[in-house]
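[1] I would like to see how this sequence folds:
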Amino acid sequence: MPKLIEHQIPNFNGFGASILAQQTRGRIKRHRLPGDRMQARALLHDHCPLTPGVYGWLDDRNQLCYVGKSKSLRKRLLSYFSKTPVDKKAARIRQHSQKLVWEPISNELLALIREQELIYRWRPEFNTQGQPTKRQPAFICIGGGMAPNAFFTRRLTDKSELSFGPIAGTGRLRSAVETINQCFQLRDCPDKIKFKFNNQLTLFENPITAQCIRFELGTCPAPCAAQCSSRAYQANVDHARQFILGKDRSILTRLDQQMQKASLSHSFEKAAIIRDHISNLNWLDRRMSALRNAQESYNGVLPIEARKKREAWLFLKGGQLIGSTVAPDTEERAIATIKRLTEVSLAEKPIPENLMEMNLQLILIAWFRKHPQLKNSLIPFGDAVDICEKRLDGGFLKTA
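    Down below sits the predicted model:
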(Lines give C-alpha, C1' and ligand atoms only; values in the text may rest on other atoms or scores of the structure.)
Protein backbone atom coordinates (compact mmCIF):
# COMPACT_ATOMS: atom_id res chain seq x y z
CA MET A 1 0.00 0.00 0.00
CA PRO A 2 1.38 3.45 -0.82
CA LYS A 3 2.73 5.26 2.22
CA LEU A 4 0.14 8.01 2.10
CA ILE A 5 -1.12 8.04 5.65
CA GLU A 6 0.80 9.81 8.37
CA HIS A 7 -0.28 11.15 11.75
CA GLN A 8 -0.91 14.88 11.48
CA ILE A 9 -1.91 17.45 14.07
CA PRO A 10 -1.43 20.77 12.24
CA ASN A 11 -4.26 23.12 11.35
CA PHE A 12 -6.66 21.52 8.95
CA ASN A 13 -6.10 22.46 5.31
CA GLY A 14 -7.86 19.59 3.56
CA PHE A 15 -8.43 15.88 4.02
CA GLY A 16 -5.27 15.05 2.07
CA ALA A 17 -4.09 12.21 -0.17
CA SER A 18 -5.89 8.90 -0.54
CA ILE A 19 -5.37 5.38 -1.81
CA LEU A 20 -8.60 5.95 -3.74
CA ALA A 21 -8.40 7.29 -7.28
CA GLN A 22 -9.11 11.00 -7.51
CA GLN A 23 -12.01 10.31 -9.89
CA THR A 24 -13.96 8.66 -7.05
CA ARG A 25 -13.90 11.81 -4.94
CA GLY A 26 -15.60 15.15 -5.42
CA ARG A 27 -14.42 18.61 -4.48
CA ILE A 28 -14.14 19.30 -0.75
CA LYS A 29 -16.57 21.92 0.56
CA ARG A 30 -16.04 23.84 3.78
CA HIS A 31 -18.58 26.08 5.54
CA ARG A 32 -18.62 28.05 8.77
CA LEU A 33 -21.60 27.05 10.87
CA PRO A 34 -24.31 29.68 11.40
CA GLY A 35 -25.33 30.18 15.01
CA ASP A 36 -28.98 29.58 14.20
CA ARG A 37 -30.08 25.97 13.74
CA MET A 38 -32.51 26.72 10.93
CA GLN A 39 -29.90 28.74 9.04
CA ALA A 40 -27.54 25.76 9.29
CA ARG A 41 -30.23 23.47 7.90
CA ALA A 42 -30.88 25.90 5.04
CA LEU A 43 -27.15 25.97 4.25
CA LEU A 44 -27.04 22.17 4.07
CA HIS A 45 -30.16 22.02 1.89
CA ASP A 46 -28.58 24.47 -0.54
CA HIS A 47 -25.01 23.13 -0.69
CA CYS A 48 -24.71 19.55 0.60
CA PRO A 49 -25.36 16.71 -1.91
CA LEU A 50 -27.51 13.62 -1.39
CA THR A 51 -24.57 11.38 -2.29
CA PRO A 52 -22.29 9.11 -0.27
CA GLY A 53 -19.28 10.81 1.23
CA VAL A 54 -17.25 11.71 4.28
CA TYR A 55 -17.59 14.74 6.50
CA GLY A 56 -15.64 16.39 9.27
CA TRP A 57 -16.24 18.85 12.09
CA LEU A 58 -13.63 21.54 12.79
CA ASP A 59 -13.18 23.11 16.22
CA ASP A 60 -12.18 26.67 17.13
CA ARG A 61 -8.49 25.71 16.64
CA ASN A 62 -9.25 24.70 13.05
CA GLN A 63 -8.49 21.08 13.87
CA LEU A 64 -10.55 18.08 12.85
CA CYS A 65 -12.41 16.85 15.93
CA TYR A 66 -14.71 14.28 14.30
CA VAL A 67 -14.90 12.37 11.01
CA GLY A 68 -17.89 10.43 9.76
CA LYS A 69 -19.26 8.85 6.60
CA SER A 70 -22.73 8.46 5.17
CA LYS A 71 -24.48 7.08 2.13
CA SER A 72 -26.35 10.42 2.04
CA LEU A 73 -24.28 13.37 3.24
CA ARG A 74 -27.13 15.86 3.38
CA LYS A 75 -29.47 13.62 5.38
CA ARG A 76 -26.73 12.68 7.84
CA LEU A 77 -25.60 16.25 8.47
CA LEU A 78 -29.16 17.54 8.77
CA SER A 79 -29.68 15.05 11.60
CA TYR A 80 -27.15 17.00 13.67
CA PHE A 81 -29.41 20.06 13.45
CA SER A 82 -32.74 18.43 14.27
CA LYS A 83 -34.75 19.74 17.22
CA THR A 84 -33.82 16.62 19.12
CA PRO A 85 -30.20 15.54 18.38
CA VAL A 86 -29.78 11.91 17.32
CA ASP A 87 -27.70 11.26 20.45
CA LYS A 88 -25.74 13.05 23.16
CA LYS A 89 -22.47 12.60 21.32
CA ALA A 90 -23.86 14.35 18.23
CA ALA A 91 -24.93 17.28 20.40
CA ARG A 92 -21.46 17.51 21.97
CA ILE A 93 -19.78 17.45 18.55
CA ARG A 94 -22.03 20.23 17.28
CA GLN A 95 -21.43 22.41 20.34
CA HIS A 96 -17.68 21.86 20.09
CA SER A 97 -17.40 22.74 16.38
CA GLN A 98 -17.14 25.91 14.32
CA LYS A 99 -17.02 24.59 10.75
CA LEU A 100 -18.22 21.70 8.63
CA VAL A 101 -16.32 20.12 5.75
CA TRP A 102 -17.40 17.33 3.44
CA GLU A 103 -16.15 15.38 0.45
CA PRO A 104 -18.57 13.53 -1.89
CA ILE A 105 -17.54 9.93 -2.68
CA SER A 106 -18.98 7.90 -5.54
CA ASN A 107 -19.78 4.78 -3.49
CA GLU A 108 -20.60 3.86 0.10
CA LEU A 109 -17.78 1.29 0.33
CA LEU A 110 -15.30 3.91 -0.84
CA ALA A 111 -16.69 6.32 1.76
CA LEU A 112 -15.98 3.70 4.45
CA ILE A 113 -12.41 3.36 3.18
CA ARG A 114 -11.91 7.12 3.04
CA GLU A 115 -13.31 7.55 6.55
CA GLN A 116 -10.76 5.04 7.90
CA GLU A 117 -7.93 6.87 6.16
CA LEU A 118 -8.97 10.16 7.72
CA ILE A 119 -9.40 8.80 11.23
CA TYR A 120 -5.96 7.19 11.08
CA ARG A 121 -4.36 10.34 9.67
CA TRP A 122 -6.01 13.02 11.82
CA ARG A 123 -7.02 11.02 14.94
CA PRO A 124 -10.02 13.21 15.80
CA GLU A 125 -10.78 13.32 19.51
CA PHE A 126 -14.46 12.36 19.18
CA ASN A 127 -13.78 9.24 17.09
CA THR A 128 -13.39 6.05 19.08
CA GLN A 129 -13.09 3.35 16.39
CA GLY A 130 -10.07 3.25 14.10
CA GLN A 131 -7.78 5.14 16.46
CA PRO A 132 -4.25 3.73 16.85
CA THR A 133 -4.67 3.78 20.64
CA LYS A 134 -8.25 2.47 20.83
CA ARG A 135 -9.99 -0.81 19.98
CA GLN A 136 -7.17 -2.19 17.92
CA PRO A 137 -7.48 -5.53 16.14
CA ALA A 138 -4.67 -7.99 16.72
CA PHE A 139 -2.97 -11.15 15.48
CA ILE A 140 -2.95 -14.61 17.02
CA CYS A 141 0.55 -16.06 16.85
CA ILE A 142 2.53 -19.16 17.75
CA GLY A 143 6.16 -18.80 18.72
CA GLY A 144 8.54 -18.46 21.62
CA GLY A 145 11.76 -20.42 21.33
CA MET A 146 12.19 -23.97 22.63
CA ALA A 147 8.62 -24.23 23.94
CA PRO A 148 6.37 -22.23 21.60
CA ASN A 149 2.92 -21.15 22.74
CA ALA A 150 -0.03 -19.14 21.46
CA PHE A 151 -0.11 -15.41 22.12
CA PHE A 152 -1.70 -12.35 20.63
CA THR A 153 -0.05 -9.14 19.57
CA ARG A 154 -1.01 -5.88 17.91
CA ARG A 155 2.37 -5.65 16.19
CA LEU A 156 4.04 -8.56 14.44
CA THR A 157 7.55 -9.44 15.60
CA ASP A 158 10.25 -11.94 14.71
CA LYS A 159 9.12 -14.01 17.69
CA SER A 160 6.14 -15.27 15.66
CA GLU A 161 6.61 -18.54 13.77
CA LEU A 162 2.96 -18.38 12.64
CA SER A 163 0.84 -15.22 12.56
CA PHE A 164 -2.81 -15.01 11.66
CA GLY A 165 -4.96 -11.89 11.53
CA PRO A 166 -6.01 -9.20 11.89
CA ILE A 167 -8.86 -10.25 14.15
CA ALA A 168 -11.20 -7.70 15.72
CA GLY A 169 -12.14 -7.92 19.40
CA THR A 170 -8.95 -8.13 21.43
CA GLY A 171 -10.77 -8.90 24.69
CA ARG A 172 -12.36 -12.01 23.21
CA LEU A 173 -9.14 -12.84 21.34
CA ARG A 174 -7.22 -12.77 24.61
CA SER A 175 -9.65 -15.32 26.06
CA ALA A 176 -9.38 -17.45 22.91
CA VAL A 177 -5.57 -17.47 23.16
CA GLU A 178 -5.79 -18.64 26.77
CA THR A 179 -8.13 -21.41 25.63
CA ILE A 180 -5.72 -22.46 22.86
CA ASN A 181 -2.87 -22.80 25.36
CA GLN A 182 -4.98 -24.77 27.82
CA CYS A 183 -6.79 -27.07 25.41
CA PHE A 184 -3.68 -27.89 23.36
CA GLN A 185 -1.51 -28.06 26.49
CA LEU A 186 0.90 -25.25 25.68
CA ARG A 187 2.63 -23.25 28.36
CA ASP A 188 1.50 -19.68 29.09
CA CYS A 189 4.43 -18.62 31.30
CA PRO A 190 6.86 -15.83 30.27
CA ASP A 191 9.55 -16.49 27.67
CA LYS A 192 12.24 -15.75 30.25
CA ILE A 193 11.49 -19.08 31.98
CA LYS A 194 14.16 -21.70 31.28
CA PHE A 195 12.71 -24.76 29.58
CA LYS A 196 14.09 -28.26 29.72
CA PHE A 197 12.71 -31.47 28.23
CA ASN A 198 13.08 -34.95 29.69
CA ASN A 199 14.88 -36.21 26.59
CA GLN A 200 17.76 -33.83 27.22
CA LEU A 201 20.82 -35.37 28.84
CA THR A 202 22.10 -33.98 32.17
CA LEU A 203 25.26 -34.61 34.19
CA PHE A 204 23.49 -34.67 37.56
CA GLU A 205 20.07 -35.67 38.77
CA ASN A 206 18.39 -32.47 39.87
CA PRO A 207 14.60 -32.75 40.15
CA ILE A 208 12.78 -29.60 39.03
CA THR A 209 9.35 -28.57 40.27
CA ALA A 210 6.71 -27.20 37.89
CA GLN A 211 6.41 -23.45 38.39
CA CYS A 212 2.61 -23.17 38.15
CA ILE A 213 -0.52 -25.14 39.02
CA ARG A 214 -1.39 -25.93 35.42
CA PHE A 215 0.77 -29.08 35.52
CA GLU A 216 -1.27 -30.37 38.47
CA LEU A 217 -4.49 -29.49 36.61
CA GLY A 218 -3.36 -31.41 33.55
CA THR A 219 -3.47 -28.43 31.17
CA CYS A 220 0.29 -28.01 30.70
CA PRO A 221 2.97 -30.71 30.29
CA ALA A 222 5.46 -28.57 32.27
CA PRO A 223 8.36 -28.00 29.86
CA CYS A 224 9.75 -25.83 32.67
CA ALA A 225 10.28 -28.95 34.79
CA ALA A 226 11.40 -31.57 32.25
CA GLN A 227 8.09 -33.40 32.56
CA CYS A 228 7.65 -33.96 28.82
CA SER A 229 9.77 -34.62 25.75
CA SER A 230 10.43 -32.02 23.10
CA ARG A 231 8.75 -34.30 20.56
CA ALA A 232 5.54 -34.57 22.63
CA TYR A 233 5.44 -30.83 23.23
CA GLN A 234 6.04 -30.08 19.56
CA ALA A 235 3.13 -32.39 18.69
CA ASN A 236 0.90 -30.17 20.83
CA VAL A 237 2.21 -27.11 18.99
CA ASP A 238 1.49 -28.76 15.64
CA HIS A 239 -2.09 -29.59 16.67
CA ALA A 240 -2.67 -25.97 17.71
CA ARG A 241 -1.21 -24.76 14.42
CA GLN A 242 -3.48 -27.10 12.45
CA PHE A 243 -6.52 -25.72 14.27
CA ILE A 244 -5.51 -22.10 13.64
CA LEU A 245 -5.00 -22.87 9.96
CA GLY A 246 -8.43 -24.50 9.78
CA LYS A 247 -7.06 -27.94 8.92
CA ASP A 248 -8.13 -29.83 12.06
CA ARG A 249 -11.21 -28.93 14.13
CA SER A 250 -11.38 -32.26 15.98
CA ILE A 251 -10.59 -30.48 19.26
CA LEU A 252 -14.18 -29.14 19.25
CA THR A 253 -15.62 -32.67 19.07
CA ARG A 254 -13.35 -33.88 21.88
CA LEU A 255 -14.26 -30.93 24.09
CA ASP A 256 -17.96 -31.48 23.48
CA GLN A 257 -17.59 -35.11 24.52
CA GLN A 258 -15.70 -34.07 27.66
CA MET A 259 -18.39 -31.51 28.51
CA GLN A 260 -21.16 -34.11 28.15
CA LYS A 261 -19.23 -36.55 30.31
CA ALA A 262 -18.62 -33.93 33.00
CA SER A 263 -22.28 -32.95 32.98
CA LEU A 264 -23.47 -36.56 33.30
CA SER A 265 -21.16 -37.06 36.29
CA HIS A 266 -22.56 -33.82 37.84
CA SER A 267 -19.22 -32.02 37.54
CA PHE A 268 -21.04 -28.88 36.51
CA GLU A 269 -18.21 -26.47 37.24
CA LYS A 270 -15.88 -28.46 34.98
CA ALA A 271 -18.60 -28.67 32.32
CA ALA A 272 -19.02 -24.88 32.45
CA ILE A 273 -15.28 -24.33 31.96
CA ILE A 274 -15.25 -26.66 28.95
CA ARG A 275 -18.36 -24.92 27.58
CA ASP A 276 -16.51 -21.59 27.72
CA HIS A 277 -13.52 -23.15 25.93
CA ILE A 278 -15.82 -24.42 23.16
CA SER A 279 -17.41 -20.97 22.84
CA ASN A 280 -13.99 -19.28 22.58
CA LEU A 281 -12.72 -21.74 19.98
CA ASN A 282 -15.89 -21.50 17.90
CA TRP A 283 -15.66 -17.70 17.98
CA LEU A 284 -12.01 -17.81 16.92
CA ASP A 285 -12.73 -20.40 14.22
CA ARG A 286 -15.42 -18.19 12.68
CA ARG A 287 -13.11 -15.18 12.63
CA MET A 288 -10.25 -17.15 11.13
CA SER A 289 -12.51 -18.81 8.57
CA ALA A 290 -13.71 -15.41 7.34
CA LEU A 291 -10.12 -14.17 7.13
CA ARG A 292 -8.91 -17.28 5.30
CA ASN A 293 -11.77 -16.94 2.85
CA ALA A 294 -10.82 -13.33 2.21
CA GLN A 295 -7.15 -14.17 1.71
CA GLU A 296 -7.99 -16.96 -0.72
CA SER A 297 -10.92 -15.40 -2.56
CA TYR A 298 -10.50 -11.63 -2.67
CA ASN A 299 -7.72 -11.37 -5.20
CA GLY A 300 -8.16 -9.34 -8.35
CA VAL A 301 -9.66 -6.10 -9.60
CA LEU A 302 -12.96 -4.88 -8.20
CA PRO A 303 -14.64 -2.45 -10.60
CA ILE A 304 -16.70 0.17 -8.83
CA GLU A 305 -18.49 3.31 -9.93
CA ALA A 306 -16.56 6.55 -10.00
CA ARG A 307 -17.86 10.06 -10.56
CA LYS A 308 -19.11 11.37 -13.90
CA LYS A 309 -20.07 7.89 -15.16
CA ARG A 310 -16.52 6.62 -14.97
CA GLU A 311 -15.28 3.39 -13.41
CA ALA A 312 -12.59 2.86 -10.81
CA TRP A 313 -10.57 -0.30 -10.28
CA LEU A 314 -9.66 -1.41 -6.75
CA PHE A 315 -6.66 -3.77 -6.52
CA LEU A 316 -7.28 -6.49 -3.92
CA LYS A 317 -4.63 -8.96 -2.80
CA GLY A 318 -5.19 -11.42 0.02
CA GLY A 319 -8.29 -9.50 1.04
CA GLN A 320 -6.39 -6.22 1.30
CA LEU A 321 -6.80 -3.04 -0.68
CA ILE A 322 -3.36 -2.28 -2.09
CA GLY A 323 -4.16 0.35 -4.69
CA SER A 324 -6.68 1.82 -7.09
CA THR A 325 -6.89 3.57 -10.42
CA VAL A 326 -9.51 4.82 -12.80
CA ALA A 327 -10.40 2.17 -15.39
CA PRO A 328 -7.96 2.60 -18.31
CA ASP A 329 -9.40 5.02 -20.85
CA THR A 330 -6.16 6.39 -22.27
CA GLU A 331 -3.09 4.75 -23.75
CA GLU A 332 -0.87 6.09 -21.00
CA ARG A 333 -3.21 4.86 -18.27
CA ALA A 334 -3.59 1.42 -19.90
CA ILE A 335 0.19 0.91 -20.04
CA ALA A 336 0.62 2.05 -16.43
CA THR A 337 -2.23 -0.21 -15.30
CA ILE A 338 -0.75 -3.26 -17.04
CA LYS A 339 2.55 -2.65 -15.27
CA ARG A 340 0.85 -2.26 -11.90
CA LEU A 341 -1.33 -5.34 -12.38
CA THR A 342 1.69 -7.45 -13.28
CA GLU A 343 3.53 -6.30 -10.15
CA VAL A 344 0.53 -7.02 -7.92
CA SER A 345 -0.14 -10.47 -9.37
CA LEU A 346 3.47 -11.56 -8.82
CA ALA A 347 3.77 -10.15 -5.30
CA GLU A 348 3.24 -12.24 -2.18
CA LYS A 349 0.08 -11.70 -0.20
CA PRO A 350 0.78 -8.70 2.03
CA ILE A 351 0.58 -8.65 5.81
CA PRO A 352 -1.06 -5.51 7.27
CA GLU A 353 1.66 -3.25 8.63
CA ASN A 354 -0.40 -0.77 10.63
CA LEU A 355 -3.81 -0.27 12.17
CA MET A 356 -5.27 1.41 9.11
CA GLU A 357 -4.33 -1.49 6.83
CA MET A 358 -5.80 -3.93 9.37
CA ASN A 359 -9.06 -1.99 9.58
CA LEU A 360 -9.33 -1.65 5.80
CA GLN A 361 -9.03 -5.42 5.48
CA LEU A 362 -11.74 -5.92 8.10
CA ILE A 363 -13.95 -3.37 6.30
CA LEU A 364 -13.58 -5.26 3.02
CA ILE A 365 -14.31 -8.62 4.67
CA ALA A 366 -17.45 -7.22 6.28
CA TRP A 367 -18.55 -5.58 3.03
CA PHE A 368 -18.18 -8.79 1.01
CA ARG A 369 -20.06 -10.67 3.74
CA LYS A 370 -22.89 -8.12 3.51
CA HIS A 371 -22.81 -8.11 -0.31
CA PRO A 372 -21.76 -11.68 -1.31
CA GLN A 373 -22.74 -11.11 -4.95
CA LEU A 374 -19.89 -8.60 -5.20
CA LYS A 375 -17.43 -11.49 -5.31
CA ASN A 376 -18.72 -12.32 -8.79
CA SER A 377 -17.59 -8.88 -9.97
CA LEU A 378 -13.93 -9.53 -9.15
CA ILE A 379 -11.76 -9.63 -12.29
CA PRO A 380 -8.65 -11.87 -12.04
CA PHE A 381 -5.43 -9.94 -12.55
CA GLY A 382 -4.65 -11.76 -15.79
CA ASP A 383 -8.10 -10.97 -17.20
CA ALA A 384 -7.70 -7.32 -16.22
CA VAL A 385 -4.41 -7.21 -18.14
CA ASP A 386 -6.22 -8.70 -21.16
CA ILE A 387 -8.86 -5.96 -20.91
CA CYS A 388 -6.15 -3.29 -20.97
CA GLU A 389 -4.39 -4.90 -23.91
CA LYS A 390 -7.62 -5.26 -25.90
CA ARG A 391 -8.39 -1.61 -25.35
CA LEU A 392 -4.92 -0.71 -26.54
CA ASP A 393 -5.33 -2.92 -29.62
CA GLY A 394 -8.73 -1.43 -30.27
CA GLY A 395 -7.16 1.96 -30.85
CA PHE A 396 -10.11 3.88 -29.39
CA LEU A 397 -8.25 5.20 -26.36
CA LYS A 398 -7.57 8.88 -26.22
CA THR A 399 -4.03 9.96 -25.52
CA ALA A 400 -3.47 11.48 -22.11
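
[2] So what touches the lowest-mean-pLDDT helix or strand in the chain?
    Every helix and strand in the chain was compared by mean pLDDT, DSSP states H and E; the lowest is helix 214-217, with a mean of 85. Contacts with helix 214-217, where a contact means C-beta atoms under 8 Å, 6 or more residues apart in numbering, come from 182, 187, 188, 210, 220, 221, 222, 225, 227. C-beta here means a position set from N, CA and C on the backbone, and glycine is covered the same way.

[3] how about those, which pair is most distant?
    The largest separation in those, counting by C-beta to C-beta, is between 182 and 225 at 17.6 Å.

[4] hey, where'd the strands end up in the stretch 151-300 of the chain?
    Shown for the stretch 151-300 of the chain, the strands assigned by DSSP state E, counting those that start in this stretch span residues 160-167, 300-305.

[5] Now tabulate these in JSON lines and tack on mean pLDDT and distance to residue 75.
    JSON lines is the format used below for the strands of the stretch 151-300 of the chain (pLDDT from 0 to 100; distance: least, C-beta to C-beta, whole Å):
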{"stretch": "strand 160-167", "mean pLDDT": "89", "distance to residue 75": "32"}
{"stretch": "strand 300-305", "mean pLDDT": "96", "distance to residue 75": "20"}
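
[6] do you know which of those strands lies nearest residue 323?
    strand 300-305 (10.0 Å).

[7] list the helices and strands the closest one packs on?
    Contacts defined by 3 or more C-beta pairs under 8 Å, 6 or more residues apart in numbering; DSSP states H and E place strand 300-305 against strand 311-317, helix 381-394.

[8] partner strands of the following helix or strand past the first one, parallel or antiparallel?
    Which is strand 311-317. Toward the C-terminus, strand 311-317 is succeeded by strand 320-326 as the next helix or strand (DSSP states H and E). Sheet pairing for strand 320-326, assigned by DSSP bridges, gives strand 311-317 (antiparallel).

[9] Just the mean pLDDT for the strand it pairs with, thanks.
    Taken as a whole, strand 311-317 has an average pLDDT of 96.

[10] Same check on stretch 145-156?
    Averaged across stretch 145-156, the pLDDT comes to 89.

[11] That one: end-to-end distance?
    End-to-end distance of stretch 145-156 (C-alpha to C-alpha, to the nearest Å): 16 Å.

[12] quick check, residue 147 in a helix?
    No: Residue 147 is assigned coil when assessed by DSSP: H, G, I helix; E, B strand; the rest coil, not a helix.

[13] quick one: contacts for it?
    Counting by C-beta under 8 Å, 6+ apart, residue 147 has contacts 186, 187, 195, 223, 224, 233.

[14] Now which of those residues would you call buried?
    Among the contacts of residue 147, those classed as buried by neighbour count (16 or more other C-beta atoms under 10 Å) are 186, 187, 195, 223, 224, 233.

[15] surely the fifth one meets residue 187?
    Right, residue 224. Yes: Residue 224 is within contact range of residue 187, at 6.9 Å (criterion: C-beta atoms under 8 Å).

[16] Now list whatever residues contact both of these two.
    Contact with both residue 224 and residue 187 is made by residues 147, 193, 195, according to C-beta under 8 Å, 6+ apart.

[17] which ones are touching residue 50?
    Here residue 50 is in contact with 72, 73, 74, 75 (C-beta under 8 Å, 6+ apart).

[18] Which residue is the nearest non-sequential neighbour of the last one?
    It refers to residue 75. Excluding its sequence neighbours, the residue lying closest to residue 75 (C-beta to C-beta, 6 or more residues apart in numbering) is residue 50, at 7.0 Å.

[19] Tell me the spacing between that neighbour and residue 185.
    From residue 50 across to residue 185, the span is 59 Å (C-beta to C-beta, to the nearest Å).

[20] follow-up on the earlier one: by neighbour count, which of the contacts of helix 214-217 wins?
    Within the contacts of helix 214-217, most neighbours by other C-beta atoms under 10 Å means residue 220, with 28 neighbours.

[21] Which member of the contacts of residue 147 is positioned nearest residue 304?
    Using C-beta to C-beta, those come closest to residue 304 at residue 186, 43.6 Å.

[22] from memory the closest one sits against residue 235, does it?
    No: using C-beta under 8 Å, residue 186 is not in contact with residue 235, being 11.0 Å away.

[23] can you list the shared contacts of residue 224 and residue 187 in a markdown table and add distance to residue 55?
    Below are the shared contacts of residue 224 and residue 187 laid out as a markdown table (distance: C-beta to C-beta, whole Å):
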| residue | distance to residue 55 |
| --- | --- |
| 147 | 52 |
| 193 | 52 |
| 195 | 55 |
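
[24] which residues touch the nearest residue to residue 277 once chain neighbours are set aside?
    Using C-beta to C-beta, 6+ apart and skipping residues adjacent in sequence, the residue nearest residue 277 is residue 179, 4.7 Å away. Applying C-beta under 8 Å, 6+ apart, one finds that residue 179 lies in contact with 276, 277, 280, 281, 284.

[25] Next, give me the two most distant ones among those.
    Most distant of those, by C-beta to C-beta, are 276 and 284, 12.6 Å apart.

[26] Same drill for these two, tell me which one is more crowded.
    Shown here are residue 276 and residue 284; by other C-beta under 10 Å, residue 284 has more neighbours (23 against 14).

[27] Hmm, residue 174 and the more buried one touching each other?
    No: between residue 284 and residue 174 there is no contact under C-beta under 8 Å: 11.0 Å.

[28] is it possible to export the helices and strands packed on strand 300-305 to CSV including mean neighbour count?
    Shown next, in CSV, are these (neighbours: other C-beta atoms under 10 Å):
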stretch, mean neighbour count
strand 311-317, 22
helix 381-394, 16
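
[29] Now distance to residue 151 too, for these, in CSV please.
    Listed next are the helices and strands packed on strand 300-305 as CSV, based on distance: least, C-beta to C-beta, whole Å:
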stretch, distance to residue 151
strand 311-317, 27
helix 381-394, 35
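
[30] all helices of this protein, in order?
    Secondary structure of the chain by DSSP state H: the helices cover 37-47, 73-79, 88-96, 108-122, 170-183, 214-217, 230-244, 250-264, 268-297, 331-346, 355-370, 381-394.

[31] Any idea which of the ones you listed gets closest to residue 309?
    helix 108-122 (15.7 Å).
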